[in-house]
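Undergrad: What follows is a predicted structure for the sequence shown.
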Amino acid sequence: MLNLKLIREQSSQIQELLQRRNPEGYDIQPILDLDQKQREIETQRSQLSARGNEIGKTIGQKIRTGSDPKGSEIAALKEEGNSIKAQLGELEPQEKDLKTQIESLLLQLPNLPDESTPVGKDETENVEVRRWGEEYIPENDKILPHWEIGEKLGILEFKRAVKVAQSRFVNLIGAGAALERALINFMLDKQIEAGYTEIMPPVLVNTDSLTGTSQLPKFSEESFKCSDDDLWLTPTAEVPLTNLYRGEILEASQLPIHHCAYTPCFRREAGSYGKDTRGLIRLHQFNKVELVKLVHPDNSEAEHQALVKNAEAILQALKLPYRVIELCTGDLGFGAAKCYDLEVWLPSSETYREISSCSNFRDFQARRANIRFKEAGKKGTKYVHTLNGSGLAVGRTMAAILENYQLPNGTVQIPEVLQPYLKREFL
RNA sequence: GGAGAGGUGGCAGAGUGGUCGAAUGCGCUCGACUUGAAAUCGAGUGUACUGCAAAGUACCGUGGGUUCGAAUCCCACCCUCUCCGCCA
């Protein structure tokens, strides 16, 4: 959520920054108008309240000091009190209604892109930052796409997953399941080593949590909802991890907080019916190791860079070629101010595919989730900055391994760093 | 699912119609005493909004209601805990 005060005081800059995302997408003028009205009413209302409080106190005092509770003096005060009450009865609902409208408009506004975020209209204008590793280009199409080699090896099973659940689900079988587990353990071990504290959070989360991290209200069709309860299947561990501290005032000395978690993630993938219908790339349920940071605003840029490196370290350890892309303003996620995607090389289609997305939300989520901190000896509170990134999407990592480590003889080598976990060298 | 208890500041906990944004204790900050520390003593210590400011307003789980006035009374809802049942 954007800071209303800032919208009011720097409206033209803010309008301009929002236009970098989408030239016609956002108009803050209605918010400014409502805000103006709301403050006018608030001034009136609080002056009336002040007089009302004064009357209340006066009546109490007079009765205590011996005035006749049924006398004319008290009756006159009561009458004034009643008239104030009647006026407040009109103003209060108006003010409340304005506040609700403002709040709901604010919740629909995306974060401001960082000044450094490249301006562009869509993903074609994203900027490549760096590449790592050598692209594996198969000769004569000998490399099978991961879903084919996976089925051939008997470790991926899609048909029965449809029977058990629906399309876009998978059964991992035998070594496939073991490989997934090995990847999860490897990723967690690596991030714990890098200083993150592991959390195993609830994967059902409530509406407040999803609003706090900005999946709601705009993207409700993206998550699975439990119809009988105010609970949703978490689309990413970002939600439970960031919301751990919702509504809290932390001590500055507690920062930075670095958490990692493995969770299954659930996404409805509404609106992507034709896309990536085969394989592990786009499933309704997938595993992910997530990194979440809550940091002091002064350090958020450095923390962001470090977070990207933490995610990259996994790909490097697995020796998977990848590139780092900085998203342009038109492709930036709703809550992000700045975002780097890691894209892994998939030789079967000779493309790079997103395997991690590392975002700096600055105070956008913190303001929604009301996560603040206090500096010792200083007055007041500030919002923390929140950051998160995948470290990594496990299913997509498996896909990348099945393709990049595929040998001409139809077997798949296990990356060296995973061998201690799997206790084997080939699939 | 059944029965009961309860939701008040960082924590514990008092408060059953006005002097309550809220006692007291703990914690924390500053100061005194001390070679230093502990103990002791003194002072301070919630958040947010409006306003240039003075100041004002709001907040005792949430939402309504009664009243000149509600943490306190009434109604509805939510949540937590305990016991029983069921269950990995």
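TA: Here it is on my side, so go on.

Undergrad: Quickly check: stretch A:27-46 near RNA strand B or not.
TA: Yes. In terms of CB under 7 Å from any atom of the strand, part of stretch A:27-46 sits within range of RNA strand B, namely A:39, A:42-43, A:45-46. The C-beta positions use only the backbone N, C-alpha and C, and glycine is treated the same way.

Undergrad: Now that stretch: average pLDDT?
TA: Regarding stretch A:27-46, the rounded mean pLDDT is 93.

Undergrad: How many residues are close by A:Asp122?
TA: Neighbour count of A:Asp122, defined by other CB atoms under 10 Å: 11.

Undergrad: Where does the stretch 101-250 of chain A get nearest to RNA strand B, residue-wise?
TA: A:Ile249 (6.2 Å; CB to the nearest atom of the strand).

Undergrad: count of neighbours near the closest residue to that residue other than its chain neighbours?
TA: In this structure, A:Ile249 finds its nearest non-sequential neighbour in A:Arg372, 4.9 Å apart by CB to CB, 6 or more residues apart in numbering. If you count neighbours by other CB under 10 Å, A:Arg372 ends up with 18.

Undergrad: beta partners for A:Arg372?
TA: With DSSP bridges as the criterion, the beta-bridge partners of A:Arg372 are A:Ile249, A:Tyr383.

Undergrad: of the residues of stretch A:27-46 next to RNA strand B, closest to A:Thr65?
TA: A:Ser46 (28.4 Å; CB to CB).

Undergrad: Just to check, A:Glu354 is in contact with A:Glu343?
TA: Yes. Between A:Glu354 and A:Glu343 there is a contact at 5.4 Å, judged by CB atoms under 8 Å.

Undergrad: of the two, who's got more company?
TA: In this view A:Glu354 and A:Glu343 are compared by other CB under 10 Å, and A:Glu343 has more residues nearby, 22 against 15.

Undergrad: Next, the contact list for the more buried one, please.
TA: Applying CB atoms under 8 Å, 6 or more residues apart in numbering, one finds that A:Glu343 lies in contact with A:322-325, A:352-355.

Undergrad: sec struct for A:Ala261, please.
TA: Secondary structure state of A:Ala261, per DSSP: H, G, I helix; E, B strand; the rest coil, is strand.

Undergrad: any idea how far it lies from RNA strand B?
TA: Remark: distance between A:Ala261 and RNA strand B (CB to the nearest atom of the strand, to the nearest Å) = 19 Å.

Undergrad: Could you give the number of residues near that residue?
TA: If you count neighbours by other CB under 10 Å, A:Ala261 ends up with 24.
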